[in-house]
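Asker: everything below, folded, please.
(3 chains)
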Amino acid sequence: MEPRRDERLRQLFQNLEIGIGGVSSSLGVSQRQLRYWEQKGYIKPIDEKSGVRHYSLATVYLIAFIKDQLDKGYTLDAAVKNSKEARARSRIARELIGSAFDDIEIIDADKGYGKIELDLKESENHPALRILGIIDENGRHFEVKEK
DNA sequence: ATTCTGACA
DNA sequence: TGTCAGAA
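Answerer: The predicted structure follows:
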């Protein structure tokens, strides 16, 4: 079966590898630092035994995150710890938000205004509710209505 | 030309 | 962490 576009992109990103030189110059992290972080077990190159370090896109993101944290004054240990918490948070947020949203209605594409409805089923504890998340001229807010 | 490891005026 | 050497 012919893969869909997003699936192809996913595979492309999955297979992208970037050398230590590119990562270093692009992100402003020295090769010395990258090797040290690896030694500490914080990052891992793709090909363990080839002798030359190639990083996955996911690892590059992690490196960029740690770099940001360091720039903000965190220690390396704290930066790594924060990265794990950030990953856990976004994983939960994505799963929750991704499944809960029924539809996104665009109010004003140029201004970024829109409306989103959460799909809440009725239960013993509460009636069926419509919860609307809205971004408009009043900022971000929610509206709750009974069905 | 790049990257690797190991060492430290 | 930087930097330099000597090898791959």
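
Asker: in space, what's closest to residue A:145 - neighbours in sequence excluded?
Answerer: Excluding its sequence neighbours, the residue lying closest to residue A:145 (CB to CB, 6 or more residues apart in numbering) is residue A:130, at 4.6 Å. In short, each C-beta sits where N, CA and C put it, glycine included.

Asker: what's the spacing between the helix or strand encompassing the one you found and its chain's center?
Answerer: Assigned by DSSP states H and E, residue A:130 falls within strand A:129-136. Remark: strand A:129-136 is offset 23 Å from the chain centroid, using CA atoms, centre = their mean, to the nearest Å.

Asker: residues contacting the residue nearest to residue A:145?
Answerer: Neighbouring residues of residue A:130 by CB atoms under 8 Å, 6 or more residues apart in numbering: A:117, A:118, A:120, A:144, A:145, A:146, A:147.

Asker: so it bridges to which residues?
Answerer: Using DSSP bridges, the bridge partners assigned to residue A:130 are residue A:119, residue A:145.

Asker: tell me the one among the contacts of residue A:130 nearest to DNA strand C.
Answerer: residue A:118 (42.2 Å; CB to the nearest atom of the strand).

Asker: can you give me phi and psi for residue A:16?
Answerer: phi -60, psi 130 (degrees, to the nearest 10).

Asker: can you tell me how far the residue nearest to residue A:145 is from residue A:143?
Answerer: 8 Å (CB to CB, to the nearest Å).

Asker: cool, residue A:24 as well?
Answerer: Taking CB to CB, one finds residue A:24 at 49 Å from residue A:143.

Asker: neighbour count winner among these two?
Answerer: Of the pair residue A:24 and residue A:143, residue A:24 is the one with more neighbours under other CB atoms under 10 Å, namely 17 against 11.
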